[in-house]
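1. Everything below, folded, please.
(2 chains)
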Amino acid sequence: MNLKDSKNIVRACIVEITDDEIKPTDEMSLIGKDATLDSMKLVELCLALEDKATDLKFEFDWTSETAMSKSRSLFRTVSSLAEEFHAQSQNVQ
Amino acid sequence: MIIVTGASRGLGRSVAERLIESGEEVLGISRETKSLPFEAVAGDVADHKTLKSIAQKLRKEKRVLEGVVNAAGIASMNLAVTTPPSMTQKLIQTNLVGTIHCCQVFAPLMIRRKKGSIINFSTIAVALGLKGESIYAASKAGVEGFSRAFAREMADFNIRVNCVAPGPIKTDLLKGVSEEQIETIVSQQILPKVFEPRDVSDLCQFLLGPSSASLSGQVLHMGGA
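-> Sure thing, here's the model as predicted:
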C-alpha cells in the first residue's frame, strides 16, 4: 500500500460516514475552526480507519504517543491523517 | 457481554456474579484471575497497553459489548498529611486514571453499535467530604468529573455514563475499618445503614438495563448524601 492508497482509503471512509455528503480533498480540515466533520463524525472516521487497518493486517492507533506528539495533529487535514495511516501500515511490514 | 473490572473480589466480584445469575455474559478483568468461576482476563486498569490489547482482541473476535462496570479500585483511609506520596500516586493511578483508561479503550466497541452503558465507581466520601479519606475522595471526585463530561461526549452515540457512589458496604475491604468509623460515616447518610454488596449489584443491573434509559451523567449516592 502506498501513500496514494492511504489517501483513497481516508477519503472513502469520509464519504461513507457522511453518506456521500462530503467530497473530501487532501487539504480539507478535520479539526479546528474550519473542520468539516463534527466530533461525532471524527470518532466514526477513526473507527472506520481502524476497521480498514484490520482488513489490511495492521493496527491503526490514532491515540499513539508518536502520532499525537508530532508538532501538528494527525487530524489536521485529510492528507496528514492519510500520512499517519500510511506510516503505521509501513511499521508492521 | 458486560465487562467488569476488579472482578476478582469485593464489589466487582459481586456485580459480576449477579450479572451472570441474571443470564448476562460477563468478561472479568482483574490482576488475579485464577479460580474465577467466569470468563476473565488478567489486566491492571492502570496499564493502558494491556487494556488496549484486550479491546483489540474483543473487536477482532466480534464480541458484542453492551456495558462496562469499572469497579476496580483501591482505598486508603489516612489523613492527607500522613499519606506517603507513593500511595497518593497509586490511588490516583488506579481509581482515576484506570477508570479513564477503561472508558477510552472499551467505549469504541460500543460506539460502533451506538448503544451501551458505562458505570464508574465513586464513593459517598466525595459528597460527604469524609475526614481521613481526602486523597481517596480526590481520586473519586476526579472519576465523577470525568464521568459527567464523558457522558456528554458519549450521548451522541447512545452510550450512557453514570457513577455509583457507595458508602460502607459489607465486603473484605471493610474488615480493617473500626465499627466506630463505620458508624461515623453511616450516620451522615440519609439512610443510615450499611448496605450489602447485593444492593450495589442491584443498582448496577438497573443502570445497565433499559429501565435507566433516561439517566446519564448522574452520580447515584447509595444511602443518600
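2. how many neighbours does the residue of chain B found nearest chain A have?
-> Nearest residue of chain B to chain A (Cβ to the nearest Cβ) works out as B:D156 at 4.4 Å. Quick note: C-beta positions are derived from backbone N, CA and C, even for glycine. Using other Cβ atoms under 10 Å in any protein chain shown, B:D156 is surrounded by 15 other residues.
3. Can you read off the backbone torsions of the closest residue to it other than its chain neighbours?
-> Distances taken as Cβ to Cβ, 6 or more residues apart in numbering or on different chains place A:M40 nearest to B:D156, at 4.4 Å, with adjacent residues excluded. Dihedral pair for A:M40: phi -60, psi -40, per degrees, to the nearest 10.
4. How about the contacts made by B:P37?
-> B:E17 (Cβ atoms under 8 Å, 6 or more residues apart in numbering or on different chains).
5. need the residues of chain B near chain A, please.
-> Counting by Cβ under 8 Å from any Cβ of the partner chain, the residues of chain B close to chain A are B:52, B:56, B:59-60, B:104, B:108, B:111-112, B:153, B:156-157.
6. Now the buried members of those.
-> Among the residues of chain B next to chain A, those classed as buried by 16 or more other Cβ atoms under 10 Å in any protein chain shown are B:52, B:56, B:59, B:108, B:111-112, B:157.
7. From these, which land in helices?
-> B:52, B:56, B:59, B:108, B:111 (DSSP state H).
8. for those residues, which one is nearest B:L220?
-> Closest approach between these and B:L220, by Cβ to Cβ: B:I111, at 23.9 Å.
9. My guess is that closest one contacts A:C46. True?
-> No: between B:I111 and A:C46 no contact is recorded; they are 9.4 Å apart, counting by Cβ atoms under 8 Å.
10. Wait, a strand at A:E59?
-> No: assessed with DSSP: H, G, I helix; E, B strand; the rest coil, A:E59 is coil; it does not lie in a strand.
11. Just the element for the residue nearest to A:H86 when sequence neighbours are not counted, please.
-> Spatial nearest neighbour of A:H86, chain neighbours left out: A:S6 (3.8 Å); criterion: Cβ to Cβ, 6+ apart. Assessed by DSSP states H and E, A:S6 sits inside helix A:3-17.
12. buried residues in stretch B:50-66?
-> B:50-52, B:54-56, B:58-59, B:65-66.
13. all helices of chain B, in order?
-> Here chain B has its helices, by DSSP H, at B:10-21, B:48-60, B:85-91, B:98-111, B:124-128, B:134-155, B:179-186, B:197-208.
14. Please name whichever of the ones you listed is nearest to A:T18.
-> Taking those one by one with Cβ to Cβ, helix B:98-111 is closest: 16.4 Å.
15. name the helices or strands packed onto that closest one?
-> Here helix B:98-111 touches helix A:39-55, strand B:2-5, helix B:48-60, strand B:67-70, strand B:116-121, helix B:134-155, strand B:159-165, going by 3 or more Cβ pairs under 8 Å, 6 or more residues apart in numbering or on different chains; DSSP states H and E.
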